[in-house]
Structure formats: structure tokens, C-alpha cells
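Student: following is a predicted model, sequence given first.
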Amino acid sequence: MILTPLHLCLILSSALFCIGLIGALTRSNAILVLLGIELMLNAANINFIAFWRYGPNPEAGTGVLFVVFAIGVAAAEAAVGLALVIAIYRHQRSIRLQDARLLKG
Amino acid sequence: MSLPVQLLWLIPALPLLAAGLGALTPRSGRKLASGAAILAMAGSFLLSCGALMTALADPAAHLVHNFAWLDLGEGVLRLGWLLDPLTAFMCVMVTFVGLLIFIFSTGYLHEDPNFTRFFCFLSLFAAAMLGLLVANSLLLLFICWELVGLASYLLIGFWFHKPSAAAAAKKAFITTRIGDLGLLLGMLWLYDSTGSLLFYDGGQGVLEATALGGLVAQTTIGGLAVSTAIGLLIFCGAIGKSGQFPLHVWLPDAMEGPTPVSALIHAATMVAAGVFLIARVYPLMAVDQGLATTPLHALTVVATIGAITALMGAMIAVAQDDIKRVLAFSTVSQLGYMMLALGVGSWVAAIFHLLTHAFFKALLFLGSGSVIHAAHHEQDIRRLGGLRGPMRITFVTFALGMMALSGVPFLFSGFWSKEAILHAAQGWNVSHLPLYAGLAAVVLTAFYMTRLVAETFFGSARSDEARHAHENSPVMTVPLVILAVCAILLGFIGTPAFPWLQSRLMGQTEVHGHSLFEGGGLMVLSIVLVAIGIGSGWALYGRRPRTTTSALDPIEKISPGLFGALRARFGFDELYAATVGRLNTATAALADGLDRYVWDGAVRFLAALGEFAGFVNKEADEDVLNGGFDATNDKIRGTARLYSAAQTGGAHGYMRTVAIGFVLLVLIVMLGGGL
Amino acid sequence: MIGATSFSPLLLAAGAGADSFLERLPLVIRDTVAGVFPAPLQWLVGSTLSIVAIVAIFGGIFAGLTLVERKMLGRIQNRPGPNRTGPMGLLQPIADGIKALTKEDIVPRSADHLLHYLAPVALLAFSILTFAVIPFGRNLVPLELDAAVLYFFAAGAASELAIFMAGWASRNKFSLLAAMRALAQLISYELPLLLSFVPIIMLAGTLSMTGIIDAQAGWQLGFIPRWYIFTPWGFAAFVIFLIAALAESNRSPFDLPEAESELIAGHLTEYSGFKYALFFMAEYFGMIALSGMAITLFLGGWRAPLPFLEFIPSYAWFGAKLLVLLLFFIWIRGTFPRLRIDQLTRLAWKFLVPLALVNLGTAAFWSLTSGWSGALQLVRWALTIAMVIGPFVLLGRGLSGTHRPRTYRYA
Amino acid sequence: MLGSGLLQGLKVTAKNLVGSFHDPERLTTLEYPEQKAKLPENYRNFPFLVSENATDPMGTLRCVGCQICEKECPPQCIYIEKSKDKKPDATGKMQVYPVVFDIDTSVCMSCQICVEVCPFEAIKMDQVFEIATKDRFTALLLDRNQLAKPNSYYHEIHPTEAAEVDARLLAERKAAEEKAKAAATPKPAVAPTPSPTATAPKPPEAPAAGGTPAP
Amino acid sequence: MTIPFLIIAFVTLVPAAVAMALRNLIHSSLLLIASWAGIAAFYFWAGAEFVAFAQVLVYVGAVSMIVLFAVLLTRHTRIDAGLAPDSIGRALAGLLAGGAVFGVLLGAVLSTPLRVGAKAAAQVPVKRLGLELMNHHTIALLAIGILLTVSLLGAVVLAATDSKGKGATP
């Protein structure tokens, strides 16, 4: 098995993804959960760049464009997500994720 | 400086910009709104002069700039700008007169709270009219035509808090709309037959030989050539807009708007639009002339309508008491003249009269505006009088306008243009009736104008308003003076000895000195007729001026029946109210009845039926079906409770589930080699 | 920049052209010094030299600027300014430096020590980073990047973080509130700042500084340089940029975050000694960097203003323009009173941002009509000027119109 | 238009900036150690002892050690020790004099009460302000030698007041001489005392009389 | 060329991991920002200059500010312990799930033979990116623009206080 640079990049991205995932799964603070999700998003972006960089057609720039869009979406997501957190906080004076259980069946 | 045809759009664009600015300006921005409108108009005037230079460089050419507007799939709808001497002269006239009226308005309306709105509308009006002038497409012309209608509606109803003004605005809008329907139909027919609406398009336009030949070759109902039919439909639009005989009723009522609006509508823009339209599509109107088989020539209709209107307008004007209404009927009459000229084949004379009439009628309207403004909005000539002294400038300029309109010989522009028309009528080989109508109208015109001046300016003041009148500020009198000068001088661009305008319009670069009025007999006759008109007018009104407001009119003393009929405007309004209005009301009542009783009843019945069915259904449901359903539902609810336990509401749990699901999925794919 | 002052008439003739000796002098010095080292180290030495040169020169400018600022403010207020330390007070910056270094460095007991320490360092680091892409001269671009403009503002955006760190690490509620205010201001003005030069990127068609300067080459009518400031929209953008730059670098009249006479220096309350000096240094560096950006974007970079002046080396022109801009900033500081926070945000959101957006449209119009010539050129200018002045007047009316007296909800 | 005010402000400051270089009149700063502001005449800070003669300050002190000021001083910053013997004062009259006269200026509040109560015009307010010292215990405690300043200095700092004081002292002296003459001549004339000096001679007698038996 | 990559990976992963474990939210956020900066460095290393600067501008400049503001606006919760995992069981489950995902991903990556393109790293000029955006991806660009606008407004609406005062009463 040969570890190409692409492999390294993918390992980096999966590690980052899992750090984000673990953070999102274990932390009870809604902000940190959101940040974990942001990390996961970033890990995905790393994949795009890696495949663009080492893919067959780096001239196309598709990966870069995709990441540009993803960053834009991520910014919007962060803004709305944190606004939601603040709204929840105002509503029940807590940002513990366990406290937000209105959807309980 | 000359303006290339590609930039012709700038002429209407400037006032349009000013209108937009005026719409955005707050009420306090009076200076800004009026300044922008006047500046835009002045800019348009300069551009129009440039366009005139361009057009005169080669009068025979129709410079066009066409461009695609709408891609309709099968074909491309194209619009364009057209620059020829007709457009250029009209643009110069409209912008110049408009500019003066704008300036006059700043004085006339300076106390109005809606000053900025007024200038917004004025600019919109001017923009629409200029757009109409530069259009090289019947469609674009129609768009601007309708915009003119809208703007006139807004302006006539500017004082909409007055019920009469609101009604007049509505009347003008609806009446002209009747004519516009004809224009729309004609346009559609034209597009259907030729596939184009461009006037000139390098041989492909509807006014060029190819299309015209095709149009005249086809016939339609009653053996009418298609071109004739289309021409008559288009003429319907002109009838509405230019206040011709059956649809003239809106024009006098439009006097309810502010006087500058009246001046703008009657002198320069709206009513001129109809005449301009016919002049523009003249090749289409005239193409059936050589046709012997057709039952009707389009131009014959035009001439007949024109003659009727000219005579009728002049007659009604004799018995009106409102200073603006007299002028309004005078406009109707003069427009009839122009139509008459168009009909008898001399569109050049029609345009000449249109130009000169624009100036002196604007002068007369602004002069009447000056009188009204000075006399605290008193418009009844019976209550005016004796204004000669206090309002010197207004009197002199108004008198000059009156003489121009009456056709006082040699010095005044109205004389030359009217002579041109009469001469053309004389040369018409179909009938001489238009000539006689025109000659009769000459007498009447001189008569009622003399009456108007005598009643307004001579004698003694007959009301407090008239007594307290004083001359207006220069912002109002200076435009009057300028217009008066034009009213005199403008005639000399088209005298028989020097027919410069005519030759340019006909597409010649040189002035041909041939006399347009061969044989001086007609000229002598008309001079005599003018003298009779003025003389009788002066004899009846000037020598023994009215002393009280309630005194009977001299004509009323002579023939009360005739005077009553004239004063009631031959009862056209009543006639329309009795026929069209009544029909409309009846139709509405019928529709209302249908709606209220027939349809509504049916719906109610259906509803009742449904209600009954529901009742039956319910009875059956409650006892029979529910039992079974309840049992089933209980089971389902129990199962659902089990499932809903998984819905903890905690986000962590969900995420965890997703993660584990993902792991399982990947494992299945990797180990199982795919699903 | 040192070379500019040692310019002598003898070199006049030799100086002309892009490859003159004076133009290449900094590069020659760098390469000569680097040439002493073995080849694999040369790039490192070369880069280090560039960095050292930049930090040294701009450090010197900072030192001088503090003195010049105080002198000039004094003159504006009819005072002589500092004149005791050394001849004419020239040694004042050194004295200040010694004072700052020797002052006690006080850190609140409950402060977040690491962040408290990191904040000034980070701020200074970020502001020095911005120097990396500014073309100081024809051949003096430290880092040639394709997306240099983006880099500049990315590095600038990071400085907000440092301010937050300063406010938070002080563990002082006033510091924190002041930091939030400062952030609000910085974020508000980032928008007009970025929007103001978007037209230039649009017209130059590049994000590279060199490309933007190249786009401003040439002369109109033979003597007016084709700088963007000499177009109506460019001038408007320049003014917007300048205002936003003042606010971004916390300069008066937008120095609310510090407001040393009203708040006790805002987020810097708990800082003293050399850390405080570092904050100041970073602030001045930011100002210099933004001025350099303004020069590059609007004033033709290192280009000479008149054709016959091109013999003077490019970095001298850059230095001269920089000096003019910095003096202008000081002049403004000496003139205008500080804004209130609501006026500040209103100016940004209700005036500058819409103006910048309209200006974008104006620039688009300018770009679309670039084919017009002759008399149409006049029309183009007139329309563009109208498109600049119209919104300015209309928006300005809303800004300076009469306001209702403010009502305080809790007062 | 918006911005015109800003431009005007810039104009004003630019004028100041440029003007301050070619028109030194604009600069309002006094460069302190070299230039000093002229103090207003009524400015006062810390008392001093008036001596008639600059060359022999200790010999010509007007103070007779009556200790009124010591008693009246609100912060009690004056300390006086009276001499046992008498010396001739400036007028040649034999007088008691202060052997020790200390003022603790770290306590003094410049209230001027000592000056108000002194019957001999011997203590007056100074105008010093450069009083910073390195030693706050001894350097601020001024003794007799440091406090004594000649009458000419008094004239320098408070010219109007000093002239009044001198005139009063002269009148007193004259009145005293006349009185002595009158006492010498057999015809005592108590009534015809000159009106301007009617009040002035009175106070010096009383405290002087009351002062002597104090210690 | 792997040494810079390893440094970047270290700078990216370690702050991220530490951030997820810290109690202090502000420190967590700042460390995450460092991690984002590391990702930007990765982009730069990979030759995607534009994206690198965009990442810095958006994450370090903008998102970080939102995060910090959110942290400050929501501090002083009733239960401070909420900052740490409050049940060992959930923490373990989370770790397990995350670890499983990592294992699966790692296995997938390592077991996949990947061919690296022979071409040298191609710099994509910003101008070309812009042209691509404007020509082929216009709709996407517009959609992003609308999305950003809408989300901005939505965030403002969500986070703005209602003027009637705080509704929640204990």
C-alpha cells in the first residue's frame, strides 16, 4: 500500500471530520455542537481541494469553485445557526442541547 | 450640431428622466422638480434642433434606427426611431411650446400644494408625446399614444378633488379609448397582413411600396381595399385623440384641468397626435386613391369628418360663455381644418396649420390662463370685461393670437396656413363641400374670436374679480410675448412666395417659388370673409359692450332657438348619455341581475344539496362506521407510541444514529461489495 | 524610501527608465548581501532581508509619525508641540520608546494571561502581514500574489480577533464592552471599505496589486495620469475608502473604541507599558498599510504624477504619496470631533454602504460606455458625475437632515 | 451641501497649521522654564517676613515676635520664639525680635490670616510657586532666614499693596513723632490728631501693649 | 513536500481536538479559529490561493466574530456544568460512534488505491475563476447571493429581541 499525498489529505480530512463529529456528539453546549458541524463541513472542503489538486484535471477549477460556494453556504449556516442558538437561549435561558427537547415524541 | 438618429431616443428620454425625478421628489422639492422638468425640456429642445439639422440635411430621406425588442420565437418584434422632416419639425414645435408652457406653469401653479406632482405629470406627458413623434413603429407609437392618454387623464384630473375635473378626466380617457380600440384593431390587422409594424425599414416597412402594394391589392367586406379598412380603423384613433366629430365631446370638458394643461393638450401635444398620426401613415391612407373599384376612399372619410368638425366646432364656439370653452371648441374646429386638409390630399398644409396653430393656440390658452389667474379663477366672459387696461401685455398678446386664429391677412401665421388649406380644398376634385364648410368656418372663427376679445377685454369690469385683476409676473408674461412673436413670424416659413416648410416637408432641399395658391380669388374671398366676421362681431359685441352679467347675448335676442342649440352644443352630450350611457347602464343591470339571482341561486341550491347529503352521511357515520375505526385507531396509536419513544427530541441522539447508520452503510458497502 | 532622500542632481540623467540604477538599487543591495551566503540559504536570507527592511523602515516611519503627529496637532492647535527631547524634540520617539519599555507591565490578577499576552502580539503580527503584498516600488513587491487584494483584507480581518482577545482577556467588563463596540465598528466599516474598491477590481479585471497598478498606467490628454481617482466614480470610491479606512484604523474622528478622553482607552484599559505601545504600533501600521492600499488602488501606486517626473525612482513616489496621505490623516484628526456611536453606525449603514453600492453601478456604466468618444465622452462624464453627486446629495440629506431629539429608554 | 462644513473645518485647521510657522504670534504657549507668565498682582502663596533692608535682613525685620499670627494660624504652621533682649529695629527703636520664626509650608494653606492680623505689617503673602523639593520633611519647613525678604521684593510682587503699607507706616511714624513732640512740649493736645491717621496709629499701640506681657 | 503538510495537519488537528475538549468556550472558539486558519494554510499549500484567502476572510474574519458574539451573548447559563459532557454514558457513546466513523473512513481511504494525477499543481488564476463563476455558474452564484441575503435577514429576525420584553418566566 502506497501512501500518496492524496491519501494523506484524505486522512487529514477524515480525522478533522471525526473530531468535529465527536465534538458534536459529546458536547452539550449548542454552540460547540455547531462548531463541530462547521469542522465537519471544512473537512469536506478539504476533500474537494485534495481531489481537485490531485485529480486528473486540475485546470478545470471545479473543486475550487465548489469550495467557494461551500464557504458561502457555511457562512450563512453559521449565521443562522448561531442566531437560532441565541433565540433558544432567550427562550429557555440555557443553551444545553439536552434542554431543547420540544420535539420529543 | 446635428443629432444622429441612433440617439433620437434622448429627446423623449430627458423629460422621462425628469418625470422619474419628479415622482421621487418630496413635496417640498418644488425647485428641484420644476427645474429638472424645465431643464430636461430645454435639453430636449436643443436636441430637437439638432435632429432638425440632421433631417434638413437630406429632407427626402427617412432616417431610421431599428432594433429588436421582443423575441417572439417565430419572429422578432422590432422597434425603432424615425427621423424625417415631419418628426423633426414636430419635435421642435412640441419641445419649444412645451418649454414655454412649463415656464408659464411655474407661475400659474406656484401656490398649488401638489406642484411637484404636476411637473412630474407634465414631463411624463411631454415624454410620451415625444416618444410618439420619434417612433418608427406603429407599436411604439401606440404605446406612447396610450401613455399620452394616461398622462392626459392624470393632468385633466389633476384637481381631482373637484368632481367635475374627475369626471372630465374619466370622460377624456374613456372617449379616447373608444378611438384607440380602432387604432389597436387597425394595428393588429396591419401586423397580420404585412408581418411588420415598422414604418420604414429599408423597403420592408409598412409605409413602403412593397407592403402598400400588397395591402391595396387585397379586398375585404364590401369590396373595401384592406388598406382602406386599416386606414379607417387607424383614423378612428385619430378621431378620438384629435376630438373629431363624433368623439369631440371630451375636449371641451378637458378644460377642467389647469390651464397650462389645456394649453399643452390643445396646442402642442395630444390633439396634434391624431393629425400627426394621419400625416405619418399618409402613404397608407392615400394608397387607395387611384383605386376605382372601392366604394370608399379613406381620405374622403377624413375630409368629410374634418369638414363637419370644422363647421360644427366653429358654430358651437359662437355661443359659449366660458373663455376656455370657446377656445376648446375653436380647437375642435381648427383640428377639423387640419383633418380636412389631410383629407383633400394636402398633408403638408395640414402640418403647416398644425405648427402655426400650435403656437397661436398655446398663446391664446396661456393668455386665457393669465386672465384666469389674474381674475382669481373666474372663467365666465360675462363676468369679466374691461381687462384691456390693467392687463396690457396679456391683452396685446391675446389680441395678436386672436388675429392669427381669425386669419387676419398677410401679417399673421394663421392666415397663411388657413389659405393653404382652403386652397387645397378648392383643388380637391371630389367635392367642393369641404371648401364651403371651411369658408363658413372662417367667418364664424373671426366672429367668435372677436366676441371673445370684446367680451373679455373691452367694456367695463362686471365683477369684483375682474375689477381687481392685475398683470401677472414676468414668468407668465414672457412666454406669452415669445409665443406672440412666433405667432406672427412663423407664417413666413410657408408663404406662397417662399414655401420653405412645404418644400422641406415634401422632401426637397430647394425652395420652389411656385405659388401654392394659384389664382388670388380665393384669397380675396377669404379676406373678405374674415372682415365680415370681425366686423359683425365688433358690431354686435364691441360697439355696445355688455354692461351687466345677466344681459342677454345679442344673438340670443335675434334667435333664441339657434343660440340655445349652440349653447347646448347641439346636445351631443345628452345624446350620448341617452344612447350609449343608457345602454351601458342597462347592460350593467342585466349582468347584475344575472349574477345576483341566476348564478347565485344555482350555487345556493348546490350548497343546500351538499348540506343535506352531509347530514345523511353523518347519521350513517356516527353509528355504523365509527365503531370499527375507533378500534383500528387505538391499535395504530399504540404502535405509534412505541415508535415515538425513539424520538427523544435530543439532537445528540439523532446525530449518533446518523453516525452509526453511516458506519453500517460503509461497512456493508466495503465488506459486502455493494448492496 | 531611504534612497529617495539621498537623491542627488547628478543622478538625474541616469535615473530615467524602469531599469535605472536607482530603481534596482534595493534589489541590488539585497542580492549582494544574499550572495555572500551559500546558495541553498540565499532565498531565506533574501526573504529575511526584505522582512527586516520592511519592519525597520515602517518601524522608523511609525516612530517618526508619532512625533510628526504630535507636532502637527500642536501646530493645528497653535502650540509648538514636543520640542524638549533633543533638537526640536526629534528624540521624542526614542524617549517614548524607553518610557514604554521601562514601565511596569500590569496584568490583572484574574485576566486570561495567555490571551492577554497574545492579543497585542497577534494584532501587530496581523498588521505587519498586510505589508506583504503592497507594491512599494516598481520592483519592490514583497509577495506577488494573484489574489493580493483578497489577501490584504483577509489579514486585516484577523485583527478584529486580536481586539476581541484584548477585551476578553482583560477580564474587565468595560474592556469587554469596549471590545464589542470596537468590533461592531470594524465590522460595520469593513463593508463600505470592501465595496468601495470593488469597482476598481471590476474595471482592472484583476485582484493582483501589480495588475491594478498596470491598469492605471498612461496619461489622459498627455499629462493627467490615468489613476482611478481621476474618474468621478473613482473619486467617490476614494472618499468612501478613506472614510472607511479612518474607521478601520480607529483614527479620529472614528476613534470611539479608544476614546481616551471619554472611555479609559476602551479595550486597552488593562494594558500598560510595552503591550500598550504594541497596540499603538499596530494601529499605526494598520493606518500605513491602508494608506498604501489606497495609493495602490486609487493613486496609481508608485507611478509618477506627471510624465516628466518619471525619472524619480518609483519607491520615492510611493513614499511621497504615503506621506501625503498620512499627513492628511493627521490633519483630519486635528480637525474633526469624535462621532457618537449611533452617528458612526448610521454613517456606515445609511450613507457609505448605499453610496458604495450606487458607485458600483456608476462604475459599471463607466465601463460599459468606455467606447464612447468625442462629444459622447463629455456626455459620459456628465452622466457619471451626476450619478455620483445625485446619490451623494440625496443620501446626505437623510444623514444631515434634522433629527428628532433622541429619547433614551433607560435614562 | 453635505461636507461643506467638514471642508470649512479643514480650512480653519490648515490655516492654523500653516499660520503657526510664519506668524509666531499665533502660538499661545509659554515655554516655561525659560519664559514665565506674569502673575496677577493679587496672586498669593505662602507668607514671608518683610525686612526693611536687603543687606541686613535679620537686623531689619519688622516682626517684633508678638506671636499673634502664631495664635491665629488655623493649621498652626507658625512657630515663634521671642527674644529676651531688645535690638534696635529699622527705625532705630529698641524692639523685641523673633529668635526663631518657622513656617511649615507643607501645612500652610495660604489663607492670609497671619497677614490680616499682623499689626506691624511684618508678614506678607509671597508669590512663589516653584516650591518642589526633594525632601519633604526639612526642606518644606522654612526658617527665619529663608522667610525674610526685603521690602523692595514686596514692592516688586505687590506694588499697589506695598505702597499703601509704606504710606501707612510713614504716617504712623509721623504721628508717633508728633506725639512724642507733644509729650515733650508742656501743652498736650490730644484732640488735634490728623484725621487720615486717626485709625492707623491706634492698633499698633494696643497689640504692642498686649503683646509684651504675653510670654 | 510532506513536511509542510504534516505541520499544517498538526496545526489543524490539534487545536480542533483540544477545542472540542476544553471547558472554556472562548478558548475553544479561539482554538477553532486557529484550526480554520490551518485549513486555510492547507488550501494555500495545495495551491488554491483564492480559497485560502476566502477561508481566512470568511472564517477567521466573519464566522469567528459571530461565534464569539454568540458565546458572549449566551454566557452565564444557569448550569455551568453544561459546558462539559454531563453524562459519561453519552460521552462514551459519542466517542464510540465518532471513533467508529473514523475507523471506517480510514479503512476506506487506505484500502482505496488512488492514482495521483500526473500533472503538476496547476494554479488557477483568479480571473479564470471569476469568469467561470460568471459564465457557467451564474445561477449558483445568484443563489448563493440570495441565500446569504436571506440568511442574514433571517439571522437578524431570529436574534433580535422582541420589543415586548422577555417572554420566558421561570
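Tutor: Good, I have the coordinates. Here the structure is a predicted model, which means the values were calculated and not measured. Numbers count the residues shown, from 1 in each chain, chains lettered A, B, ... in the order given.

Student: could I get the average pLDDT for the lengthiest helix in chain A?
Tutor: The longest helix of chain A (DSSP state H) is helix A:62-92. Throughout helix A:62-92, pLDDT has a mean value of 87.

Student: worst-scoring helix or strand of chain D, pLDDT-wise?
Tutor: Using mean pLDDT, DSSP states H and E, helix D:202-211 stands out as the lowest-scoring helix or strand of chain D, at a mean of 42.

Student: tell me if the longest helix of chain A is near chain E.
Tutor: Yes: for helix A:62-92 and chain E, the contact criterion (C-beta under 8 Å from any C-beta of the partner chain) is met by A:63-65, A:67-69, A:71-80, A:82-87, A:89-92. Using the backbone N, CA and C atoms, a C-beta is placed for each residue, glycine as well.

Student: swap in stretch A:9-21?
Tutor: Yes: counting by C-beta under 8 Å from any C-beta, contacts between stretch A:9-21 and chain E involve A:9-12, A:14-21.

Student: so what pLDDT did the residue nearest in space to the middle of chain B get?
Tutor: For chain B, residue B:270 is the residue whose C-alpha lies nearest the centre (C-alpha atoms, centre = their mean; 3.3 Å). pLDDT recorded at residue B:270 is 79.

Student: and the nearest residue to residue C:269 once chain neighbours are set aside, which of the three is it?
Tutor: Spatially, and ignoring its direct neighbours in sequence, residue C:269 is nearest to residue C:175 (5.0 Å; C-beta to C-beta, 6 or more residues apart in numbering or on different chains). Here residue C:175 is recorded as helix under DSSP: H, G, I helix; E, B strand; the rest coil.

Student: give me the neighbour count for residue C:175.
Tutor: For residue C:175, the neighbour count with other C-beta atoms under 10 Å in any protein chain shown is 25.

Student: could you do the one 10 residues further on as well?
Tutor: Taking other C-beta under 10 Å as the neighbour definition, residue C:185 ends up with a count of 24.

Student: thought residue C:49 was touching residue C:34?
Tutor: Yes: in this structure, residue C:49 is within contact of residue C:34 by C-beta atoms under 8 Å, at 6.7 Å.

Student: show the contacting residues for residue B:572.
Tutor: By C-beta atoms under 8 Å, 6 or more residues apart in numbering or on different chains, the contact set of residue B:572 is B:248-249.

Student: how near is it to residue B:314?
Tutor: Per C-beta to C-beta, to the nearest Å, residue B:572 is found 15 Å from residue B:314.

Student: got it, and residue C:164?
Tutor: 87 Å.

Student: what of residue B:205?
Tutor: 38 Å.

Student: which residues of chain D score low on pLDDT?
Tutor: For chain D, residues meeting the criterion pLDDT under 70 lie at D:1, D:186-215.

Student: what about the strands in it?
Tutor: In chain D, the strands defined using DSSP state E lie at D:47-51, D:78-88, D:94-104, D:123-125, D:141-142, D:148-150.

Student: closest one to chain A among the ones you listed?
Tutor: Closest approach to chain A among those (C-beta to the nearest C-beta): strand D:94-104, 63.6 Å.

Student: which other helices and strands contact that closest one?
Tutor: Here strand D:94-104 touches strand D:78-88, strand D:141-142, helix D:144-147, going by 3 or more C-beta pairs under 8 Å, 6 or more residues apart in numbering or on different chains; DSSP states H and E.

Student: out of those, which gets nearest to residue B:245?
Tutor: Counting by C-beta to C-beta, residue B:245 lies closest to strand D:141-142 out of the helices and strands packed on strand D:94-104; the figure is 120.9 Å.

Student: can you list the strands that that closest one pairs with?
Tutor: strand D:94-104 (antiparallel) (DSSP bridges).

Student: can you give me the buried ones in the partner strand?
Tutor: D:95-98, D:101-104 (16 or more other C-beta atoms under 10 Å in any protein chain shown).

Student: next one: stretch C:48-66
Tutor: When burial is assessed from 16+ other C-beta under 10 Å, stretch C:48-66 yields the following buried residues: C:49-50, C:53-54, C:58, C:61-63, C:65-66.

Student: any idea of the mean pLDDT for stretch B:406-424?
Tutor: Computed over stretch B:406-424, the average pLDDT equals 80.

Student: for chain A, what is the nearest residue in the stretch 351-500 of chain B?
Tutor: residue B:475 (57.7 Å).

Student: what about residue C:253, is that helix, strand or coil?
Tutor: Residue C:253 falls in the coil class when you classify it by three-state DSSP.

Student: before we move on, the earlier item: how many residues are close by the residue of the stretch 351-500 of chain B closest to chain A?
Tutor: For residue B:475, the neighbour count with other C-beta under 10 Å is 14.

Student: how about it: what's its closest non-neighbour residue?
Tutor: residue B:107 (3.9 Å).

Student: what parts of chain D come near chain C?
Tutor: Neighbours of chain C within chain D, by C-beta under 8 Å from any C-beta: D:1-3, D:6, D:9-10, D:12-14, D:16-17, D:20-21, D:26-29, D:31.

Student: mind checking which of the residues you listed are buried?
Tutor: D:2, D:10, D:13, D:16-17, D:20, D:26-27.

Student: mind putting these into a markdown table with distance to residue E:45?
Tutor: Converted to a markdown table, those look like this (distance: C-beta to C-beta, whole Å):
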| residue | distance to residue E:45 |
| --- | --- |
| D:2 | 49 |
| D:10 | 48 |
| D:13 | 50 |
| D:16 | 54 |
| D:17 | 51 |
| D:20 | 55 |
| D:26 | 60 |
| D:27 | 59 |
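
Student: quick one on the thing from earlier: quick check: the residue nearest to residue B:475 touching residue B:478?
Tutor: No: using C-beta under 8 Å, residue B:107 makes no contact with residue B:478, being 9.5 Å away.

Student: inside helices: which ones of the residues of chain D next to chain C?
Tutor: In helices, defined here by DSSP H, the members of these are D:6, D:9-10, D:12-14, D:16-17, D:20-21.

Student: and residue C:264, which of the three is it?
Tutor: With three-state DSSP as the basis, residue C:264 sits in coil.

Student: got the contact list for it?
Tutor: By C-beta under 8 Å, 6+ apart, residue C:264 lies in contact with residue C:174.

Student: phi and psi next, for it.
Tutor: phi -80, psi 70 (degrees, to the nearest 10).

Student: any idea how far it lies from residue E:12?
Tutor: Relative to residue E:12, and taking C-beta to C-beta, residue C:264 is found at 39 Å.

Student: and for residue C:216?
Tutor: 39 Å.

Student: which of those two has more neighbours?
Tutor: Legend: neighbour count by other C-beta under 10 Å for residue C:216 and residue E:12, higher for residue E:12 (28 against 23).
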